[in-house]
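Undergrad: dropping a prediction and its sequence here:
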Amino acid sequence: MQETLTIKEAINDVSQRIMSACKKVGRNPDEVTLIAVSKTMPVEAIREAMACGVIEFGENRPQELRDKQAVITEPLHWHMIGSLQTNKLKYVIGKTVLIHSVDSFSLAQAIEEVSAKKELVTEILLEINVAGEATKHGISPEEAEILIREIARLPHVKIRGLMTVAPYTENAEENRIYFKKMKQLMVDINSKNIDNVYMDILSMGMTGDYEVAVEEGATLVRVGTGIFGHRVYLPKE
Ligand SMILES: *Cc1c(COP(=O)(O)O)cnc(C)c1O
């Protein structure tokens, strides 16, 4: 997709499409924040996006995040969007504005421990496997409330909302039901008035489906390919 656009043109295009999607359903575009998913992309690509005013970046590997932060020292908002092992949390806690990918109490507990030691509160999203795909991370929508009630008791972890990676599809409309389900789940859980829990962030929508996600209530969209072009994965050393 958009192989021929420069990063700048692509950012303008994505931003316009987000605005149009908001307009279509009467949402205020200020409610939606674009996260440029820069995983695998070089520092120069991130700098190009920064030159267009982008400050929100998504990474999925803690060491890659650490390496990029060692070079790019401007005060950006980094988002951790990938699955996390507890031994890598030191690269993430206090170094990102939001962890999108919490899907177990043990991970939340580990975040609590590291955050308490650093004397800070870490904001997180719960990752929901909304379509029940066997290959995906995340908990089922049915498990969300119980996990939220448990995590809500951790003093150094703050649940801000929900995140999902919807199924891969050529037709974004097919994911509309899942985005609707995510929004409803957030509304339902908020209505239970759980102590310490009020969720207002819905992280959903990627290159193939972010416009539909915005129409259905996304507040954060995570776009990689649509901004930086296709990723090339090198084998791990
Ligand atoms: C890679 C990734 C994205 C971006 O995907 P694109 O299809 O390239 O936009 C978004 N969210 C998560 C969790 C990812 O791992």
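TA: Arrived safely, thanks for sending.
Undergrad: state the pLDDT value of the spatially closest residue to R231 that is not a sequence neighbour.
TA: The shortest distance from R231 to any non-neighbouring residue, by C-beta to C-beta, 6 or more residues apart in numbering, is to T40 (4.4 Å). No exception for glycine: its C-beta is placed from N, CA and C like everyone else's. For T40, the model assigns a pLDDT of 96.
Undergrad: enumerate the positions of stretch 179-197 that are buried.
TA: 179, 181-183, 185-186, 189, 194, 197 (16 or more other C-beta atoms under 10 Å).
Undergrad: can you name the two of those residues that are farthest apart?
TA: Farthest pair in the buried residues of stretch 179-197 (C-beta to C-beta) is F179 and I194. Separation: 23.0 Å.
Undergrad: what's the span of stretch 137-156 from first residue to last?
TA: End-to-end distance of stretch 137-156: 24 Å, with C-alpha to C-alpha, to the nearest Å as the criterion.
Undergrad: ok, stretch 16-35 next?
TA: Counting by C-alpha to C-alpha, you get 14 Å between the two ends of stretch 16-35.
Undergrad: same thing with stretch 73-80?
TA: 17 Å.
Undergrad: how far is that stretch from where the chain is centred?
TA: The chain centroid and the centroid of stretch 73-80 are separated by 13 Å under C-alpha atoms, centre = their mean, to the nearest Å.
Undergrad: can you check stretch 40-59 too?
TA: Stretch 40-59 sits 16 Å away from the centroid of its parent chain (C-alpha atoms, centre = their mean).
Undergrad: three-state assignment of E74?
TA: For E74, the assignment made with DSSP: H, G, I helix; E, B strand; the rest coil gives coil.
Undergrad: enumerate every residue touching it.
TA: M50 (C-beta atoms under 8 Å, 6 or more residues apart in numbering).
Undergrad: again, only using 10 Å
TA: 46-47, 50, 55 (C-beta atoms under 10 Å, 6 or more residues apart in numbering).
Undergrad: do the same with N12
TA: 5-6, 52.
Undergrad: before we move on, the earlier item: report how many residues lie close to the residue nearest to R231.
TA: 17 (other C-beta atoms under 10 Å).
Undergrad: any regions of the chain where pLDDT drops low?
TA: 1-3, 234-237 (pLDDT under 70).
Undergrad: in it, which spans are strands?
TA: According to DSSP state E, the chain carries its strands in the segments 33-37, 56-59, 77-80, 98-102, 122-127, 157-163, 201-203, 220-223.
Undergrad: could you dump the ones you listed to a markdown table with mean neighbour count?
TA: Shown next, in a markdown table, are these (neighbours: other C-beta atoms under 10 Å):
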| stretch | mean neighbour count |
| --- | --- |
| strand 33-37 | 23 |
| strand 56-59 | 23 |
| strand 77-80 | 23 |
| strand 98-102 | 25 |
| strand 122-127 | 24 |
| strand 157-163 | 23 |
| strand 201-203 | 25 |
| strand 220-223 | 25 |
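Undergrad: want to throw these into CSV with distance to the ligand?
TA: Shown next, in CSV, are the strands of the chain (distance: least, C-beta to the nearest ligand atom, whole Å):
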stretch, distance to the ligand
strand 33-37, 4
strand 56-59, 6
strand 77-80, 9
strand 98-102, 7
strand 122-127, 8
strand 157-163, 8
strand 201-203, 8
strand 220-223, 4
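Undergrad: for the ligand, what are the nearby residues on the protein?
TA: 37, 39, 60, 81-82, 165, 206-208, 222-226 (C-beta under 6 Å from any ligand atom).
Undergrad: out of the residues you listed, which is most surrounded?
TA: Going by other C-beta under 10 Å, I81 tops the residues of the chain next to the ligand with 28 neighbours.
Undergrad: what are the phi and psi values for that one?
TA: Main-chain dihedrals, I81, degrees, to the nearest 10: phi -110, psi 0.
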